[in-house]
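Got a predicted structure here, sequence first:
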Amino acid sequence: MEIAEFSSKKRTAISSDEIMFNLDDWHLEANFSIMGSSKIIHQFDYALVSENNGSEIIPISLLSGTKQERMEAIVLLHLRAKDLSMSRKFAISGTTLTPYENFLSGMFSVPVVRAVVLSNDDKTVRISFEGVNSKSSMMAETIKPVEAKPHHEEIETEPSIRDDVAMRHRRDHTMIMHDILSLARTYGDLGITKIIYKCNLNYRSALRAVNELLENRLLEVSDNSGAKQKYKITTDGLSMLEEIRHFTFARD
C-alpha cells in the first residue's frame, strides 16, 4: 500500500494534496454505516474497505459548512473512529484549512487532504470534495454511490507505520504550539528561554515554533528593545485557545 507523506510546512496549508492507495487492495463504498462498540451507528460519507475480507476499514468524511461545523466534523471523525477502533481516518476539504482546523487536525490525528486516490495499472478512482470520478485507460466514468452495507462487527485495525509516525509527530508538534500559546496567555511577555524550559525544547525547535506562531499571527513581538525578544499572545491566539477549549473533552 502506498501512502503519501503528510506535509507540515505551514499550518495554513492542507496536510497533503492527495493520499494514495492501491486499488487492488481496497474498494470504495459511499454512505457507509457501521456500528461501534458503544452500539451507536456511525455513518461516513465514504469508506475504504480492505479486499482482504474487509479486515480493515478507513472512514472518510467531507468537511463542509461553517468554520464551527468543519471543526466539529474533525472532532466527530476522531470520536467515531475511536469508538470503532479504527486507527486511520481522513477528512477531505475543498478549501485551505484555517489555523483552528489545522490545530484540531493535528491534535486529534485526523489528516485533512484534498483527495483520496485509488489506482492500479488499469484504473484510477479519485474521491474529492466535488465527488467521485473514475478514469480507466479507455474512458472516464461516473461512480454511482454504493449502498450502505449491513452493520459490521467492531474491527481491530493495524496502523500503518509511516502513517502512525507521521501523525504522532504532527500531534506532538501541535501540542507544542498549544503549550506555547498557553504560556503566553499566562505570563504575558514571554521570552525564548522560558519557552525552552517550560516546553522542554531545544533552542532550534523553540525558535521554529515561535516563528510559525508569529507567521500565523497567533503571537506577536511585545518587546524588541533588549538583547532578547519577548512575545505575547494576540487576539487571534486567544481566540484559538478559546475555540480549542470547547473540544478538550475529546482528547485521548
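Looks like it came in fine.

Report the contact partners of V125.
L23, L28, V117, L118, S119, V132, N133, S134, I143 (Cβ atoms under 8 Å, 6 or more residues apart in numbering). Where you see a C-beta, it was placed from the backbone N, CA and C, and this is true even at glycine.

Which members of these are classed as buried?
For these, a burial check counting by 16 or more other Cβ atoms under 10 Å picks out L23, L28, V117, L118, S119, V132, S134.

Quick check: the gap between the fifth one and F21.
It refers to S119. 8 Å (Cβ to Cβ, to the nearest Å).

Dump the buried ones among the contacts of V125 to TSV, plus distance to L238.
Converted to TSV, the buried ones among the contacts of V125 look like this (distance: Cβ to Cβ, whole Å):
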residue	distance to L238
L23	46
L28	42
V117	39
L118	42
S119	44
V132	40
S134	46
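
Narrow those to those in strands?
Among these, the members falling in strands (DSSP state E) are L28, V117, L118, S119, V132, S134.

Which members of these are the farthest-apart pair?
S119 and V132 (13.3 Å; Cβ to Cβ).

burial count for the closest residue to Y231 other than its chain neighbours?
With Cβ to Cβ, 6 or more residues apart in numbering as the criterion, Y231 has its nearest non-adjacent residue at 4.7 Å, and that residue is L219. Using other Cβ atoms under 10 Å, L219 has 24 neighbouring residues.

For L219, grab phi and psi.
Main-chain torsions, L219, degrees, to the nearest 10: phi -120, psi 160.

That one bridge partners, please.
Beta bridges link L219 to I233 when assigned by DSSP bridges.

my guess is it contacts D236, does it?
No. Between L219 and D236 there is no contact under Cβ atoms under 8 Å: 9.4 Å.

which one of the ones in strands among the buried ones among the contacts of V125 sits closest to M240?
Nearest to M240 out of those is V117 (Cβ to Cβ; 31.7 Å).

what kind of secondary structure is T95 in?
Of the three states, T95 takes coil according to DSSP: H, G, I helix; E, B strand; the rest coil.

ok, the closest residue to N216 other than its chain neighbours to N120 distance?
With sequence-adjacent residues excluded and distances taken as Cβ to Cβ, 6+ apart, N216 is closest to P99, at 5.1 Å. The gap separating P99 from N120 is 37 Å, by Cβ to Cβ.

S37 now?
34 Å.

what's the answer for Y203, then?
Y203 sits at a distance of 48 Å from N120 (criterion: Cβ to Cβ).

rewinding a little: now the phi/psi pair for the residue nearest to N216, please.
The phi/psi pair for P99 (degrees, to the nearest 10) reads phi -50, psi -40.
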